[in-house]
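*Asks:* make a model of this:
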Amino acid sequence: MVLRGEPPLAVALFALFLIAGFWTPVAASLITLTALWDAFAHPADRPYSLMIGVLGLALALLGPGAWSVDARLFGWKRL
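*Replies:* Model (predicted):
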């Protein structure tokens, strides 16, 4: 997934952080902001960008899972 206007390396880095579960809230928030910016910058791809933005927001709010790097480094907090 490469959003137009963003460096592919930055988007790939955010995706790797999400896959690894490292800095999950930060990486998901950056993906959300990037996708929302892309939705307003490129109206033709708005549904796709909004979907990615909503998924990123959900991941940012849910946080890392029990098997993530964040959980290993900082402990997994149960609410």
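*Asks:* neighbours of Pro25, how many?
*Replies:* 14 (other C-beta atoms under 10 Å). C-betas here are computed from N, CA, C, even on glycine.
*Asks:* would you mind measuring from it to Leu55?
*Replies:* For Pro25, the distance to Leu55 (C-beta to C-beta, to the nearest Å) stands at 14 Å.
*Asks:* and for Val69?
*Replies:* Here the distance between Val69 and Leu55 works out to 20 Å (C-beta to C-beta).
*Asks:* next one: phi and psi at the most centrally placed residue in the chain?
*Replies:* Nearest to the geometric centre of the chain sits Ala28, at 2.6 Å (C-alpha atoms, centre = their mean). Torsion angles at Ala28 (phi, psi; degrees, to the nearest 10) stand at phi -70, psi -40.
*Asks:* ok, it touching Ala15?
*Replies:* No. The criterion here is C-beta atoms under 8 Å, and Ala28 misses it with Ala15 at 10.4 Å.
*Asks:* can you give me phi and psi for Ala66?
*Replies:* Torsion angles, degrees, to the nearest 10, at Ala66: phi -70, psi -30.
*Asks:* again, but for Ile19
*Replies:* phi -60, psi -40.
*Asks:* how close does it sit to Ala44?
*Replies:* Counting by C-beta to C-beta - Ile19 and Ala44 are separated by 28 Å.
*Asks:* of these two, which one has the most company?
*Replies:* Ile19 (10 against 7).
*Asks:* I appreciate the help and will end here.
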